[in-house]
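Colleague: structure for this input, please:
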Amino acid sequence: MLESLKSRPITMLPDAITFHGRILYLTVDPDLIRSQLQGQDLAWTPAVALRDDISTDEITPAYICYYYDQTLGDFPYLGLKCGEEFPITRGSVRQGGFVASVSGKRRGKGSSREQSPYAELMAGVKLVVAENIERIYRENCQNLGIFTSTDFSLLDRVRRGEPIPLSVFTDGEGGITRGIIEHGGLFQYNVARMQGKVRVPEVTTAKRPMTLAEKVLARRWVTDLSGDRVGVPYVKPGDEGFVRTDIRFSHEYVTPMAAIFWRDFVGANEKVVDPDSIFFFRDHLTFLELAMTDARKAEGLLDVALELKKKQEEFSEEQGIKLYGELPRTALNSIVQGSEAICHSKMLERHVLPGQVVIGSDSHTPHSGAVGCVAFGVGTTAIFNSWLTKDVRLKVPPSVLVRVNGTKPANVTAKDFMLQILRQPYVKSGRAIGKIVEYAGDAVRALSIDERATMTNMAAEVGAFTGIIAPDAVTVDYLVRERALPRAEVEAMLEGLFSDPDADYEEVIDIDASALQPMIALPGDPGNGQFIRELGEQVKLDIAYAGSCTAGKKEDMDMYAAVLREAAEAGERIHPDVRFYIQFGSQDVKRYAEAQGYVDIFQAVGAEIIEPSCGACINAGPGVSYDRKTVTVSAINRNFPGRSGPGQLYLASPYTTAASALAGYITGWEPKASLAGTSPDSR
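Modeller: Down below sits the predicted model:
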């Protein structure tokens, strides 16, 4: 145990909690929100519609996350969109004296940024009530000491200032979650755990058939932290405990806040546990200098954001942690041009292995599930605590099986699979939230690892705990080819990594790949999917964006090249009204595209090439929209309001994005020639 924690006093919350303050109802009607901010309490009834699907992008828009201290309390809900209006202004929530915040379905969807609940906490919010609450956001709240509930009857008791038994928030929770709530947060609980003052409930699940993910979690289940004992025979949904991680990573949006937590709660001179299994990334804000408006720079936000970079670099050097940084500035160019890699791309390319448990400070961490990892996003507090214990708390989620069978058309991709899955009633209604999604079926097994990663990556848009695909011969070939690992060694990793035939799934969703066509998701939500032919009228474009972790992989480059090669050979160029951006997910992908001659093709048709970075996907790089009329088609993973600027953002596959850039309007791609030679097996 770290010396500074051996004698740390342990405190517990009282048996009853009284919330002193007002209740803020996040309603669909912006005028009702403004009236509350001006001091009028809302006599709410269920007839007053509450905002559903409030994402963390709306709670704390990307530019707000440049802050990582108490200043965040000025900013909660600045991105909240009600109709066409944004009714909340800086400081208005904190000044309003609100202690509780209320909304409808799917509270906290989207990015795993802990700045969102931390901003609410710093603004005075101690209680969040919603019909259902996304897993990462809910855990972040609990880890920070914010109470969460789906019981709207509590609101009258809050309004009357009645003491509410702590058991109201702990009943029905597992022993660990209950302990975290009772201790007022995860760090306090972990200190008690390390001191032996709390006992983590044992898992005694009897022999049962298990899914692939359950098997991985059982292998990594921590049975004794102090004795370093790991592994149980069986787990089942609902089992709660701690799981040993193989890899922990974070980016510059999260590392600085976690580093401050480390300094303040553990000690500046203490060292993290096993730094070789920790990775940092400077990948989210590398293009900010180019993307930030002059008005934002005048507010000092660029300087604030650069502090994130500096803090991460300092902590990386102090702790001996590998940092994948930004490309160096040159004498000819004083502006940073990109990063070494987007975190998810590099994890899959160089680090993760089948059967591992991987946590990252980003909701798209399930990307690595493409090779049979249990990989999931966590918040800042969980990352910070993992530096201390190397494990992460977890309640085994139920599993959902998504089977995609049949032979897909040549112009249909894994992205189209996902847009079809996202519009399924089970998913669109929010019932997949927090579940493990296992993708299977003939059409999935026929996919490359890059295409499988598109599916596991977008488990975040499903609202899932993670997405995973059973490793197989395709996985072995990938790891041998891309990592130069010995084939026998990789084959041995796959032993037992499959779901038992009679494993239990809460839901089974079947998709017929042969019936699919190129799809599009209408602006506002990835679940707004439909076939392009159903659009009815042409949707003219201003921007086409090809890149991000979801669509900046090697096979994505194959797809862009397949479409654009045909155009280049015909002497065609990108439509004059469209700016088309192609961005690599990593320097490895860039080198691949150069070696294949793709970069020459891209430039020949007028595409603008961008170095790796999260960029426009998080409203922080070339390709963002600058007004509400701008129309973008993008191969990224999500199109929540404000995600890539204020404009109208349509989601599409790499094929569709490239074809639309040529046409000037949204259209699918109809291949004129064989796709032979563009598959990953031909590389």
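
Colleague: for the helix or strand of the chain at the bottom of the mean pLDDT ranking, which positions count as buried?
Modeller: Of all helical and strand segments in the chain, the minimum by mean pLDDT, DSSP states H and E falls on helix 288-291, at a mean of 77. Within helix 288-291, the residues scored as buried using 16 or more other Cβ atoms under 10 Å are Leu288, Glu289, Leu290, Ala291. No exception for glycine: its C-beta is placed from N, CA and C like everyone else's.

Colleague: stretch 660-674 too?
Modeller: Result for stretch 660-674 [16+ other Cβ under 10 Å]: buried residues Ser660, Ala661, Leu662, Ala663, Gly664, Tyr665, Ile666, Thr667, Gly668, Trp669.

Colleague: rounded mean pLDDT for it, please.
Modeller: If you average the pLDDT over stretch 660-674, you get 89.

Colleague: residues touching it, excluding its own?
Modeller: Applying Cβ atoms under 8 Å, 6 or more residues apart in numbering, the set of residues contacting stretch 660-674 from outside is 410-411, 517-518, 520, 532-533, 535, 538-541, 544, 546, 562-564, 566-567, 572-578, 580, 605, 607, 633, 650, 652, 655-656, 658-659.

Colleague: what distance separates it from the middle of the whole chain?
Modeller: Relative to its parent chain, stretch 660-674 has a centroid offset of 30 Å by Cα atoms, centre = their mean, to the nearest Å.

Colleague: what of stretch 627-639?
Modeller: The answer for stretch 627-639 is 18 Å, by Cα atoms, centre = their mean.

Colleague: just the terminal-to-terminal distance for that stretch.
Modeller: Stretch 627-639 stretches 15 Å from its first residue to its last (Cα to Cα, to the nearest Å).

Colleague: and it, average pLDDT?
Modeller: pLDDT averaged over stretch 627-639 gives 94.

Colleague: gap between Ile422 and Ser35?
Modeller: For the record, residue 422 is Leu, not Ile. Using Cβ to Cβ, to the nearest Å, one gets 35 Å for the distance from Leu422 to Ser35.

Colleague: returning to that earlier point: same for the least confident helix or strand of the chain, what does it pack against?
Modeller: helix 301-319 (3 or more Cβ pairs under 8 Å, 6 or more residues apart in numbering; DSSP states H and E).

Colleague: so Leu422 and Ser35 - more neighbours on which side?
Modeller: Legend: neighbour count by other Cβ atoms under 10 Å for Leu422 and Ser35, higher for Leu422 (22 against 15).

Colleague: residues in contact with that one?
Modeller: For Leu422, the contacting residues are Lys428, Met458, Glu461, Val462, Ala521, Pro526, Gly527, Gly529, by Cβ under 8 Å, 6+ apart.

Colleague: what's the most distant pair in those residues?
Modeller: Across the contacts of Leu422, the longest distance by Cβ to Cβ is 14.0 Å; it joins Lys428 and Met458.

Colleague: quick one, which of these two is more surrounded?
Modeller: Met458 (28 against 18).

Colleague: on that earlier part again, just the ones in helices from the buried residues of stretch 660-674, please.
Modeller: Counting by DSSP state H, these place Ser660, Ala661, Leu662, Ala663 in helices.

Colleague: in TSV, list the residues you listed along with distance to Leu485.
Modeller: Formatted as TSV, those follow (distance: Cβ to Cβ, whole Å):
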residue	distance to Leu485
Ser660	38
Ala661	37
Leu662	39
Ala663	42
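
Colleague: measure Val605 to Ala546 for me?
Modeller: Computed as Cβ to Cβ, the Val605 to Ala546 distance reads 12 Å.

Colleague: and those two? Which one has more around it.
Modeller: Neighbours were counted for Val605 and for Ala546 using other Cβ under 10 Å; Ala546 has more, 31 against 22.

Colleague: wait, doesn't that one sit right on Gly585?
Modeller: No. Using Cβ atoms under 8 Å, Ala546 makes no contact with Gly585, being 10.9 Å away.

Colleague: identify the contacts common to those two.
Modeller: The contact sets of Ala546 and Gly585 overlap at Gly552, Asp556 (Cβ under 8 Å, 6+ apart).

Colleague: which residues in the stretch 551-683 of the chain form strands?
Modeller: Ranges of strands in the stretch 551-683 of the chain, per DSSP state E, counting those that start in this stretch, are 579-583, 608-610, 631-634, 648-651.

Colleague: closest to Lys215 out of these?
Modeller: Closest among those, using Cβ to Cβ: strand 648-651, at 32.9 Å.

Colleague: quick one: buried residues of the closest one?
Modeller: Buried residues in strand 648-651, counted by 16+ other Cβ under 10 Å: Gln648, Leu649, Tyr650, Leu651.

Colleague: between the residues you listed, which is nearest Arg178?
Modeller: Leu651 (39.3 Å).

Colleague: give the contact list for the closest one.
Modeller: Leu651 neighbours (Cβ under 8 Å, 6+ apart): Lys415, Leu419, Ile520, Ala521, Pro526, Val633, Ser634, Ala635, Ile636, Asn637, Arg638, Asn639.

Colleague: got phi/psi on the residue lying closest to Phe152 once chain neighbours are set aside?
Modeller: The shortest distance from Phe152 to any residue other than its chain neighbours is 6.2 Å, reached at Val129 (Cβ to Cβ, 6 or more residues apart in numbering). Val129 adopts backbone torsions of phi -120, psi 130, taken as degrees, to the nearest 10.

Colleague: quick check: Val129 touching Leu154?
Modeller: Yes. Judged on Cβ under 8 Å, Val129 makes contact with Leu154 at a distance of 6.4 Å.

Colleague: could you list the domains of this structure?
Modeller: Taking automatic domain parsing as the reference, the chain has its domains at 19-162, 522-683.

Colleague: tell me, which of those domains is the model least confident about?
Modeller: For the domains of the chain, the weakest mean pLDDT is recorded on domain 522-683, namely a mean of 90.

Colleague: gap between that domain and the chain center?
Modeller: On the basis of Cα atoms, centre = their mean, domain 522-683 sits 21 Å off its chain's mean C-alpha point.

Colleague: kindly report the same for stretch 521-536.
Modeller: Centre-to-centre, stretch 521-536 and its host chain are 22 Å apart (Cα atoms, centre = their mean).

Colleague: who touches the residue nearest to Ser613 when sequence neighbours are not counted in this structure?
Modeller: Once flanking residues are discounted, Ser613 sits nearest to Thr286: 4.3 Å by Cβ to Cβ, 6+ apart. Thr286 makes contact with Glu326, Leu327, Val336, Gln337, Gly338, Ser339, Glu611, Ser613, Gly615, Gly621, according to Cβ under 8 Å, 6+ apart.

Colleague: now do 7 Å
Modeller: By Cβ atoms under 7 Å, 6 or more residues apart in numbering, Thr286 lies in contact with Glu326, Val336, Gly338, Ser339, Ser613.

Colleague: filter these to the buried ones?
Modeller: Glu326, Val336, Gly338, Ser339, Ser613.

Colleague: just send those back as JSON lines, with secondary structure too.
Modeller: Converted to JSON lines, the buried ones among the contacts of Thr286 look like this (DSSP: H, G, I helix; E, B strand; the rest coil):
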{"residue": "Glu326", "secondary structure": "strand"}
{"residue": "Val336", "secondary structure": "coil"}
{"residue": "Gly338", "secondary structure": "coil"}
{"residue": "Ser339", "secondary structure": "strand"}
{"residue": "Ser613", "secondary structure": "coil"}
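
Colleague: now tell me which of those the prediction trusts least.
Modeller: Ranked by pLDDT, the buried ones among the contacts of Thr286 bottom out at Val336 (57).

Colleague: now do Glu58 against Thr380, distance only.
Modeller: According to Cβ to Cβ, Glu58 and Thr380 sit 19 Å apart.

Colleague: re the thing from before, next helix or strand past the least confident helix or strand of the chain?
Modeller: Once helix 288-291 ends, the next helix or strand along the chain (criterion: DSSP states H and E) is helix 294-298.
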